[in-house]
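Chemist: Predicted model follows, preceded by the sequence.
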Amino acid sequence: MAVRHGNVDLGSIDPLSIESQRTAVPVILLGGRSWRVLDVDWPGRVASVEPAAEQGRSRWAGSARALNAELAQAIEQVLVTGDSGVTLSRRAGAALAGLRQDMPFLDGETLPVVASGDEVRIWTFAGGRANVMLAAGLSSQRLRVRTADNFSIAIATSDANEVIWALQAVEPAGLRVPTPDRLLNELKYRACLPDARARAVLSARLAAPEIVEKLLRKPRRVIRPV
């Protein structure tokens with residue numbers, strides 16, 4: 001649901017943030033600030049707000065909106081170089097140092113395939129859409145994908161070579177993005193479209209074939225942490 005203060009678009013929240021509050025006037029948290037909900041256009045999925053002094057809170061039924069590839073890759077570069085381009089607080093600096101220590105295999109050029117125990121994780125930093133698309137391709141190669149988020153894809157296997165072979169076999173041009181019913185039902189004008197056409201529209205919106213193709217051209221490195 002979009003959130004607006006006058007004509008200014010502040011971002012978006014899960015409708016659960018409003019529905020879950022039993023107060024007469026819900027107060028939400030967005031962008032680090034509290035906002036009092038003045039009006040809700042449920043059909044249009046827009047909430048009108050004003051600044052609030054009291055503490056707001058927001059809830060999410062699932063994960064946040066997927067990051068695009070450019071932002072995910074910028075995050076990777078900060079992890080590789082340690083240079084965020086801004087002055088960090090002591091706490092933020094320590095957190096960044098800890099993340100860099102946990103991921104010494106990142107170089108910004110290759111595709112790290114990290115094997116640990118019964119899981120192999122591909123650190124793509126390709127964004128949510130590309131990773132979901134690539135995960136579908138790996139599933140078609142009979143790998144069991146556990147998770148796919150903005151930065152990585154986790155495979156249920158202890159054999160890193162199996163994952164490397166599957167990556168080599170994936171054809172970007174033949175990939176199809178999954179179209180969950182939950183997202184399909186949120187598609188605008190869904191009631192006006194035949195099911196097959198609606199799924200085709202949603203699949204095209206969620207696809208990122210150029211990013212996946214670029215990703216699969218990267219050299220792969222198998223890492224086995226000690």
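Modeler: All right, it came through fine.

Chemist: Output the below-cut-off pLDDT ranges for the chain.
Modeler: 16, 19-24, 58-65, 178, 180, 182-183, 186, 188 (pLDDT under 70).

Chemist: Per the annotation, how does it divide into domains?
Modeler: What automatic domain parsing lists as the domains of the chain is 2-51, 69-223.

Chemist: Quick one: end-to-end distance for the shortest one.
Modeler: It refers to domain 2-51. Length of domain 2-51, first residue to last, CA to CA, to the nearest Å: 16 Å.

Chemist: same deal with the longest one?
Modeler: Distance across domain 69-223, first residue to last, is 23 Å (CA to CA).

Chemist: Remind me what the longest strand belonging to the chain packs against, helices and strands.
Modeler: The single longest strand within the chain, with elements called by DSSP state E, is strand 33-41. Judged by 3 or more CB pairs under 8 Å, 6 or more residues apart in numbering; DSSP states H and E, strand 33-41 is in contact with strand 27-30, strand 46-51. For the C-beta atoms, the positions are set from N, CA and C on the backbone; glycine is no exception.

Chemist: so how far is that strand off the chain centroid?
Modeler: Between the centre of strand 33-41 and the centre of its chain there are 26 Å (CA atoms, centre = their mean, to the nearest Å).

Chemist: Please report the distance of the residue lying closest to Pro15 once chain neighbours are set aside from Ser48.
Modeler: Nearest non-adjacent residue to Pro15, counting by CB to CB, 6 or more residues apart in numbering: Met1, 5.0 Å away. Counting by CB to CB, to the nearest Å, the gap from Met1 to Ser48 is 11 Å.

Chemist: what residues are shared contacts of the two?
Modeler: Common contacts of Met1 and Ser48 (CB atoms under 8 Å, 6 or more residues apart in numbering): Val40.

Chemist: Pull the contacting residues for the spatially most central residue of the chain.
Modeler: Centroid-nearest residue in the chain, with CA atoms, centre = their mean: Ala66, separated by 3.0 Å. Shown in contact with Ala66 (CB under 8 Å, 6+ apart): Gly127, Gly128, Arg129, Val132, Asn150.

Chemist: now the residues you listed as a markdown table including distance to Arg91, secondary structure and neighbour count?
Modeler: As requested, the contacts of Ala66 are exported to a markdown table (distance: CB to CB, whole Å; DSSP: H, G, I helix; E, B strand; the rest coil; neighbours: other CB atoms under 10 Å):
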| residue | distance to Arg91 | secondary structure | neighbour count |
| --- | --- | --- | --- |
| Gly127 | 27 | coil | 24 |
| Gly128 | 27 | helix | 21 |
| Arg129 | 31 | helix | 21 |
| Val132 | 32 | helix | 22 |
| Asn150 | 23 | coil | 23 |
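
Chemist: before we move on, back to that, Serialize the helices and strands packed on strand 33-41 to a markdown table and add fields for mean neighbour count and distance to Leu111.
Modeler: Listed next are these as a markdown table, based on neighbours: other CB atoms under 10 Å; distance: least, CB to CB, whole Å:
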| stretch | mean neighbour count | distance to Leu111 |
| --- | --- | --- |
| strand 27-30 | 20 | 35 |
| strand 46-51 | 17 | 40 |
